[in-house]
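Asks: okay, here's the prediction I keep looking at, along with the sequence it came from:
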Amino acid sequence: MSTGPKLRVALEDIPAYLPGKPAVGGDGAPAFKLSSNENPNQPLPSVLAAMERALRGFNRYPDMGCSQLIPAIAARLGVPESHVATGTGGVGVIQQVIQVVCDDRDEVVYPWRSFEAYPIVTQMVGARSVQVPLTPDEHHDLDAMAAAITDRTRLVILCNPNNPTGTAIRRAELESFLDRVPGDVLVLIDEAYREFVRDPEVPDGLEIYRDRPNVVLLRTFSKAYGLAGLRVGYAVAHEPVATALRKVAVPFGVSQLAQDAAIASLAAEAELFERVEHITKERGRVLDALRDQGWPVPAAEGNFVWLRLGERTMDFAARAQAAGVVVRPFAGEGARISIGEPEGNDLFLGVAEAFRS
Ligand SMILES: *Cc1c(COP(=O)(O)O)cnc(C)c1O
């Protein structure tokens with residue numbers, strides 16, 4: 001009698017990634033997907049043109065070393081090419097980061113609630129998650145995070161701004177935290193939403209990493225650049241770390257379509273950042289409206305807002321769905337609502353207002 005192949009025990013506790021629900025409007029009602037922090041704009045014509053050209057080469061493997069994309073990123077950021085490592089989306093890069101520092105049972109310290117991929121990729125490699133609760137005002141608890149670092153800690157993740165609460169870490173607190181982290185512990189600053197940050201006190205990781213060899217930055221083309229479906233992201237780090245990250249990348253993982261679209265997007269950044277500017281203005285409008293309705297919403301530096309609804313979260317999500325807006329609920333905690341088209345945002349605000357009164 002066979003019991004089947006023996007699978008790794010570490011897999012048993014891996015939480016399933018819950019993707020944002022697709023938008024399906026009942027009875028022909030409009031439906032807005034505000035559940036995955038996607039960019040509501042379709043790719044720019046110049047980016048589509050680059051993608052169309054790439055399609056004809058699909059009988060070939062992609063450029064494995066991303067030898068055009070990496071110099072384009074490095075030039076754009078003003079960093080050495082040797083400091084850039086690409087991956088299959090930001091999530092792929094996070095997985096690479098954990099793979100280069102963690103052995104079995106090593107510890108990864110990160111805030112919680114935060115990005116739901118952190119526990120998944122940590123446990124995938126057999127490392128242990130050390131989740132440090134956010135402060136009551138939805139920020140990283142940096143003192144508690146520093147205190148959570150032990151001899152087994154190999155990685156600390158900071159999510160700046162934090163998904164799903166939208167709060168961001170400012171320069172002085174970030175510097176003082178980094179000063180407290182031992183030099184042999186890597187710190188990943190996840191800047192997936194960097195382009196949406198408008199608080200001038202929130203530092204660009206590029207100014208932070210330069211004289212800190214134990215800091216690695218994460219950026220992605222999924223959010224501000226609107227290429228979530230293509231799976232391309234990258235890390236910026238000093239050479240030993242960046243070299244290691246390239247070693248563990250999935251071979252040929254970043255498709256030529258993704259590489260060419262990313263290069264075209266860097267070239268079209270002015271146009272793309274105008275769109276980002278519209279999204280941040282919309283974010284301001286949504287926040288103001290929520291506060292006028294009496295909601296205690298934290299400052300939002302990403303392309304989403306956070307409502308701490310507690311036990312009423314699932315009820316709120318169901319009512320939003322009925323009104324044609326799909327939000328991202330975290331049962332018992334709160335709901336994250338992406339900033340989308342103004343019409344979708346208005347529908348959401350209508351639900352919020354009715355729910356409040
Ligand atoms: C969306 C997101 C990423 C990266 O997503 P990819 O689509 O894999 O690039 C990384 N970190 C956070 C916090 C995110 O919200």
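Replies: Structure received.
Asks: for the protein, which residues are neighbours of the ligand?
Replies: If contact is defined as Cβ under 6 Å from any ligand atom, the residues of the chain in contact with the ligand are 37, 89-91, 115, 159, 163, 190, 192, 220, 222-223, 228, 233. (C-beta placed from N, C-alpha, C; glycine too.)
Asks: number of residues surrounding the closest residue to Val250 other than its chain neighbours?
Replies: Of all residues beyond its chain neighbours, the one nearest Val250 is Thr88 (5.9 Å), with distances taken as Cβ to Cβ, 6 or more residues apart in numbering. Counted with other Cβ atoms under 10 Å, residues neighbouring Thr88 total 20.
Asks: and what of Thr135?
Replies: 14.
Asks: from Arg113, how far off is the nearest residue to it once chain neighbours are set aside?
Replies: Nearest non-adjacent residue to Thr135, counting by Cβ to Cβ, 6+ apart: Asp141, 4.9 Å away. Plainly put, Asp141 is 12 Å away from Arg113 if you go by Cβ to Cβ, to the nearest Å.
Asks: quick one, which of these two is more surrounded?
Replies: Set side by side, Asp141 and Arg113 give different neighbour counts by other Cβ under 10 Å, the larger being at Arg113 (20 against 16).
Asks: contact partners for the more buried one?
Replies: For Arg113, the residues meeting the contact criterion (Cβ atoms under 8 Å, 6 or more residues apart in numbering) are 134, 164-165, 330, 333.
Asks: go on, Gly253?
Replies: By Cβ under 8 Å, 6+ apart, Gly253 lies in contact with 87-88, 92, 231.
Asks: then Val232?
Replies: Residues in contact with Val232 (Cβ under 8 Å, 6+ apart) are 69, 86-89, 220-222, 254, 258-259, 261-262.
Asks: go again using 6 Å as the cut-off
Replies: 221, 254, 258, 262 (Cβ atoms under 6 Å, 6 or more residues apart in numbering).
Asks: one step back: give me the buried subset of the residues of the chain next to the ligand.
Replies: Among those, those classed as buried by 16 or more other Cβ atoms under 10 Å are 37, 89-91, 115, 159, 163, 190, 192, 220, 222-223, 228, 233.
Asks: what's the most distant pair in the residues you listed?
Replies: Considering Cβ to Cβ, no two members of these lie farther apart than Cys159 and Ala228, which are separated by 17.5 Å.
Asks: any stretches of the stretch 101-250 of the chain with poor pLDDT?
Replies: Judged by pLDDT under 70, the stretch 101-250 of the chain has no weakly predicted residues.
Asks: what about the helices in it?
Replies: 117-124, 142-147, 171-180, 205-209, 239-247 (DSSP state H, counting those that start in this stretch).
Asks: what helices or strands is the shortest one leaning on?
Replies: When you say that, I think you mean helix 205-209. strand 215-220 (3 or more Cβ pairs under 6 Å, 6 or more residues apart in numbering; DSSP states H and E).
Asks: helix 171-180 and the strand it packs on, what's the angle between them?
Replies: With axes from the mean of the first three to the mean of the last three Cα atoms, to 10 degrees applied, the angle from strand 215-220 to helix 171-180 works out at 130 degrees.
Asks: returning to that earlier point: top of the contacts of Arg113 by neighbour count?
Replies: For these, neighbours were counted by other Cβ under 10 Å; the highest total belongs to Thr165, with 29 neighbours.
Asks: for the residue nearest to that one when sequence neighbours are not counted, phi and psi?
Replies: Of all residues not flanking Thr165 in the chain, Glu138 sits nearest, at 4.0 Å (Cβ to Cβ, 6+ apart). With angles defined as degrees, to the nearest 10, Glu138 sits at phi 70, psi 20.
Asks: tell me the contacts of Glu138?
Replies: Neighbour list for Glu138: 165, 167, 298 [criterion: Cβ under 6 Å, 6+ apart].
Asks: rerun that using 8 Å as the cut-off
Replies: By Cβ under 8 Å, 6+ apart, the contact list for Glu138 reads 162, 165-167, 298, 306, 308.
Asks: once you drop chain neighbours, what's closest to Val101?
Replies: Arg154 (4.2 Å).
Asks: where exactly do the strands run in the stretch 51-200 of the chain?
Replies: 84-87, 107-112, 128-133, 153-159, 186-190 (DSSP state E, counting those that start in this stretch).
Asks: most packed of those strands?
Replies: Burial among those, expressed as mean neighbours by mean count of other Cβ atoms under 10 Å, is greatest for strand 84-87, which shows a mean of 26.
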